[in-house]
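1. Kindly generate the corresponding structure for this input.
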Amino acid sequence: MTQGDAQAAATENEAHGSFSGKLAVLTGGGSGMGRELVCQLAARGCSVAACDWHTDAVAQTAAIAQAGAGPGVLVTSHTCDVSDEAQVLRFRDELLEAHSARHVDLVFSNAGIGGAGSFVNDGREEWERTVAFEQYEQHRDQGLPELSIAANIDEEIHAATQDELAIRKFLEDRGILSVPPDVGHYTTRPAPGYLEALSEFGEIDSFLGHTGVRYLHNPSPDLGFFELATTKDPRPLTVHEGVPGHFFQLTLSRMHQDPIRRHFYDSGSIEGLGFYAEEMMMQAGLFDDRPRARELIYSWMRLRALRVEVDVKLALGEFTIPQAADYLQHYVPMDPHTAMGEAAAFAATPGQAIAYQIGKAQILRFLADAKLKQGSAFDLRAFHDYLWKNGNVPIALLRWEYLGLDDDWRDAQKRRAGAIPSVAEPKPVAKGAN
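-> The predicted model follows:
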């Protein structure tokens, strides 16, 4: 579970009034979102056993949370490196004894791997790169007709249906990704009235059945950022949400022979893969027949890059929700309604918004390493088939399994032991490199 997933789970449980009198276990409770979540749980009547590899930090968390807790709430701290099975088992026994319990009610897996440079700066640099590339594209597209809004919802659904079939064929014909015939289609339908009331709370789609469904509103120039783009050309959304994006990837994962990989879910790899698919398909030539659709892709890339900065600054209190919305509205740019929805969603689920950019960056590194190691034997379809089939699993682990490269894991262990700094120094570039 990611930090964002943990926060979402906490919100859901709170909505059902299920914190009081419960016992929660939280890993990575020494600082940041972990500490804040421990405090919030304790304040709502939930006893908490928090662990972290940093003994003093998690002890401080417990003291802060206990001070703000109500009667009958116990907050305990425990030293544990969750990468060490023996320490996890010891933590389990300690917490059950400390709380005189035989079971726990809630588990929040918040422990993560730190390090590397500032991904906030990386996000800003990606935004600058995307702005430049979009300008190149717009200059290239001078004189071409603008994309038009669908005349009605039936026309939009028909276009989306034909585009989905064409995308599947494109993937196979270009040798990009295998499309098994037993994977269902990604479809679009008019949004029914009972879903209209929920449309402000997130995506209105379903990926659980054999056929994926995306619900659409009537075409209008007043639609929000994503829906307005979709009624002009359904393919960018189809590529991210449908084929070869989330619906297709999750369907393949549910067919995995390993039951753990069928059910494990990591938003970093999943959202990273959806974002990766957008630019990958653009570079492969999917949008060459309608060049202005590439401008939509670049616009979405700008948003994903800025989400990193907005996510972090909201979590640190450097942005209020209205300030974050204004920032997105100005720098994407996007309509104020969608900007406010984005800002509110990221404030409620810290860590989720960075998953797109970080996950995509990890996939690009994985591909580059595969090409470097395999040389002329590298096969893009084979690489993508592996990535999509195992797309629920963190990319660092896929890189280790596929290429035998475990340096990410080894570096993480060194950081935990204090052998290398938590923020890596820039690596020197060899003379003559370009």
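2. give me the element the residue nearest to the spatial centre of the chain is part of.
-> Centroid-nearest residue in the chain, with C-alpha atoms, centre = their mean: residue 355, separated by 3.3 Å. If you go by DSSP states H and E, residue 355 is part of helix 354-374.
3. In the chain, where is pLDDT below threshold?
-> Residue ranges of the chain with pLDDT under 70: 1-18, 111-119, 199-202, 415-434.
4. Break it down into its structural domains.
-> Following automatic domain parsing, one finds the domains of the chain at 3-109, 119-348.
5. and of those, who's closest to residue 367?
-> With C-beta to C-beta as the criterion, residue 367 lies closest to domain 119-348 of the domains of the chain, at 8.9 Å. From N, CA and C alone the C-beta is placed, and that goes for glycine too.
6. Run the chain-centre distance for that closest one.
-> 12 Å (C-alpha atoms, centre = their mean, to the nearest Å).
7. Check stretch 397-406 too.
-> On C-alpha atoms, centre = their mean, the centre of stretch 397-406 falls 21 Å from the chain's centre.
8. what helix or strand does residue 157 sit in?
-> Per DSSP H and E: residue 157 is located in helix 153-173.
9. Could you export that helix as PDB, CA atoms only?
-> Taking C-alpha atoms only, helix 153-173 is exported to PDB below (Å, rounded to 0.1, in the frame of the first residue of the first chain):
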ATOM      1  CA  ILE A 153     -22.400  11.700 -27.500                       C
ATOM      2  CA  ASP A 154     -23.300   9.000 -30.000                       C
ATOM      3  CA  GLU A 155     -20.600  10.300 -32.400                       C
ATOM      4  CA  GLU A 156     -18.000  10.400 -29.600                       C
ATOM      5  CA  ILE A 157     -18.800   6.800 -28.600                       C
ATOM      6  CA  HIS A 158     -18.600   5.600 -32.200                       C
ATOM      7  CA  ALA A 159     -15.200   7.300 -32.600                       C
ATOM      8  CA  ALA A 160     -14.000   5.800 -29.300                       C
ATOM      9  CA  THR A 161     -15.100   2.300 -30.400                       C
ATOM     10  CA  GLN A 162     -13.300   2.500 -33.700                       C
ATOM     11  CA  ASP A 163     -10.200   4.000 -32.100                       C
ATOM     12  CA  GLU A 164     -10.000   1.300 -29.600                       C
ATOM     13  CA  LEU A 165     -10.000  -1.400 -32.300                       C
ATOM     14  CA  ALA A 166      -7.400   0.600 -34.300                       C
ATOM     15  CA  ILE A 167      -5.100   0.900 -31.200                       C
ATOM     16  CA  ARG A 168      -5.200  -2.900 -30.600                       C
ATOM     17  CA  LYS A 169      -4.300  -3.500 -34.300                       C
ATOM     18  CA  PHE A 170      -1.600  -0.800 -34.100                       C
ATOM     19  CA  LEU A 171       0.100  -2.500 -31.100                       C
ATOM     20  CA  GLU A 172       0.200  -5.800 -32.800                       C
ATOM     21  CA  ASP A 173       1.200  -4.600 -36.300                       C
END
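10. Show me what the helix or strand that the helix holding residue 355 is followed by is packed up against.
-> For helix 354-374, the succeeding helix or strand toward the C-terminus, using DSSP H and E, is helix 380-389. Packing partners of helix 380-389 (3 or more C-beta pairs under 8 Å, 6 or more residues apart in numbering; DSSP states H and E): helix 246-254, helix 354-374, helix 395-403.
11. report the angle between the axes of the last one and helix 380-389?
-> Orientation of helix 395-403 against helix 380-389 (axes from the mean of the first three to the mean of the last three C-alpha atoms, to 10 degrees) gives an angle of 140 degrees.
12. what element comes up after helix 395-403 heading to the C-terminus?
-> Going down the chain from helix 395-403, the next helix or strand is helix 407-417, by DSSP H and E.
13. same for that next one, what does it pack against?
-> Identification of packing neighbours for helix 407-417 by 3+ C-beta pairs under 8 Å, 6+ apart yields helix 395-403.
14. How about the helix it packs on, which residues are buried there?
-> 395-396, 398-400, 402 (16 or more other C-beta atoms under 10 Å).
15. Same list, the residues you listed, but as CSV with distance to residue 41 please.
-> Shown next, in CSV, are the buried residues of helix 395-403 (distance: C-beta to C-beta, whole Å):
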residue, distance to residue 41
395, 30
396, 29
398, 33
399, 34
400, 34
402, 38
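16. Between those, which sits nearest residue 362?
-> Using C-beta to C-beta, these come closest to residue 362 at residue 395, 3.9 Å.
17. ok, now which ones touch the closest residue to that closest one other than its chain neighbours?
-> In space, residue 395 comes closest to residue 362 once its chain neighbours are excluded; the distance is 3.9 Å by C-beta to C-beta, 6 or more residues apart in numbering. By C-beta atoms under 8 Å, 6 or more residues apart in numbering, residue 362 lies in contact with 268-269, 272, 395-396, 399.
18. What distance do you get for residue 374 to residue 317?
-> 46 Å (C-beta to C-beta, to the nearest Å).
19. What of residue 96?
-> 36 Å.
20. ok, now residue 146?
-> 41 Å.
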